[in-house]
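Novice: One predicted model, sequence on top.
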Amino acid sequence: MKLTHVALAGLFALSVSIPATAEEKYGTAGCGLGSIVIGNDPGIVQIFAVTTNATGIQTFGITSGTSNCDDTAGGQTSAKAFVETNRVALSKDMARGRGETIASLSQLAGCADAAAVGRSLQKNFKRVFPKAGVRSSQVGDSVITILRTDKALACSAVG
């Protein structure tokens, strides 16, 4: 079952567009141990980077600014950059309504409850990803809008 999720995430990664600067630095799997071990080579190899990122080190890297993860100060800019560079892993976690990318995003956005953020993003999945080729900037804008407008989430860092 888990392998199926990783394979689906990998296929999704191959079908989306990532900003050139993020892809050059991290690859489509985003920052984390996978970006160090696997690198930014395009294609199917990014599935292995996603799997490596899923070891739990990515969350630590995001919050501590290690493992090739930058801009961890929090706030709207950091939260949007996080969404854009980690969109593949985030899309997988959004579909499930929970996961380390949602926990990290919640921390960057100053949200009171990561579980509530997960439920809200899961409910709004089609709004964030209306089609496979949606631009990363649109994904980031949609997620920030959800975090900002859903007052029950109390995401203080995204205004």
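Specialist: Everything's here; your move.
Novice: Give the residue spans of the chain that score low on pLDDT.
Specialist: 1-43, 45-74 (pLDDT under 70).
Novice: Which parts of this structure are helices?
Specialist: Listed in chain order, the helices of the chain (DSSP state H) span 2-15, 20-26, 33-37, 45-53, 57-64, 76-85, 87-96, 100-109, 114-123, 125-128, 136-149.
Novice: and residue 153, how many neighbours?
Specialist: Using other Cβ atoms under 10 Å, the number of residues around residue 153 comes to 23. Where you see a C-beta, it was placed from the backbone N, CA and C, and this is true even at glycine.
Novice: show me the contacts for it.
Specialist: 111-113, 116-117, 120, 147 (Cβ atoms under 8 Å, 6 or more residues apart in numbering).
Novice: Just the buried ones from the residues you listed?
Specialist: Among the contacts of residue 153, the ones that count as buried by 16 or more other Cβ atoms under 10 Å are 111, 116-117, 120, 147.
Novice: Closest one to residue 87 out of those residues, please.
Specialist: Among these, residue 147 lies closest to residue 87 (Cβ to Cβ), at 15.0 Å.
Novice: For that closest one, which non-adjacent residue is spatially closest?
Specialist: residue 155 (4.3 Å; Cβ to Cβ, 6 or more residues apart in numbering).
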